[in-house]
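**Student:** Sequence isn't available, so here's the structure alone:
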């Protein structure tokens, strides 16, 4: 069996595999390895007549390229048998937008967040606020929460471009009343 998967850097991907024991009374144990992927972890692994394993990858720019991920199911028969599944993971670099930060007075008007992302962010993407709720891309310090706003836009390739704008508001200055 030859399977392949293309993933993007910075995007978390989960892989799940089930193994069936060859005999009804046998127990199979599932394992996995991806020695060339830097952020590859096993989330859960359950042994039994049906063994299950779930792994997670959040590839970095250093992981760009091809990697062999191996899932193995080994039963407790005599002799023990092992079945391997190889998955070729192709890691593609996601276009990254430069992060930006802006602090505004709490009584200021809405601020366009797109220019904060390096000045060359392509338009037409989607914004979410710090709570993951869709946002219009203009930070209003009167109604919007402070925090990280995420912008995702198609870059014409496999991976989307992602940018983070950190917005905060500060109390406006009060110079006092005119006494003249």
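**Tutor:** Perfect, I can see it now. For clarity, every value in this text was computed on a predicted model and none was experimentally measured.
**Student:** Tell me the spacing between residue 32 and residue 178.
**Tutor:** As defined by Cβ to Cβ, to the nearest Å, residue 32 lies at a distance of 72 Å from residue 178. The C-beta positions use only the backbone N, C-alpha and C, and glycine is treated the same way.
**Student:** scratch that, residue 20 is what I was asking about
**Tutor:** Distance of residue 20 to residue 178, given as Cβ to Cβ: 83 Å.
**Student:** Which one of the two is surrounded by more residues?
**Tutor:** residue 20 (13 against 5; other Cβ atoms under 10 Å).
**Student:** Give me the neighbour count for the closest residue to the more buried one other than its chain neighbours.
**Tutor:** Once flanking residues are discounted, residue 20 sits nearest to residue 50: 5.6 Å by Cβ to Cβ, 6 or more residues apart in numbering. Residues lying near residue 50 (other Cβ under 10 Å) number 14.
**Student:** And the pLDDT for residue 50?
**Tutor:** For residue 50, the pLDDT comes out at 96.
**Student:** quick one: contacts for it?
**Tutor:** 18, 19, 20, 21, 28 (Cβ atoms under 8 Å, 6 or more residues apart in numbering).
**Student:** I'd say the fourth one and residue 27 touch.
**Tutor:** Yes: taking Cβ atoms under 8 Å as the contact criterion, residue 21 and residue 27 are neighbours in contact, 6.5 Å apart.
**Student:** ok, and for stretch 15-33, which residues are buried?
**Tutor:** By neighbour count on 16 or more other Cβ atoms under 10 Å, the buried set for stretch 15-33 is 15, 17, 19, 21, 26, 28, 29, 30, 31, 32.
**Student:** what's the helix or strand for the last one?
**Tutor:** So that's residue 32. Taking DSSP states H and E as the definition, one finds residue 32 inside strand 28-33.
**Student:** I'd like the next helix or strand past that strand.
**Tutor:** Where DSSP H and E defines the elements, the next helix or strand beyond strand 28-33 is strand 40-46.
**Student:** Sketch out the strands for the protein, chain order is fine.
**Tutor:** Using DSSP state E, the strands of the chain run over 3-8, 12-20, 28-33, 40-46, 50-58, 65-75, 82-92, 100-105, 111-112, 126-128, 134-135, 138-139, 147-154, 160-170.
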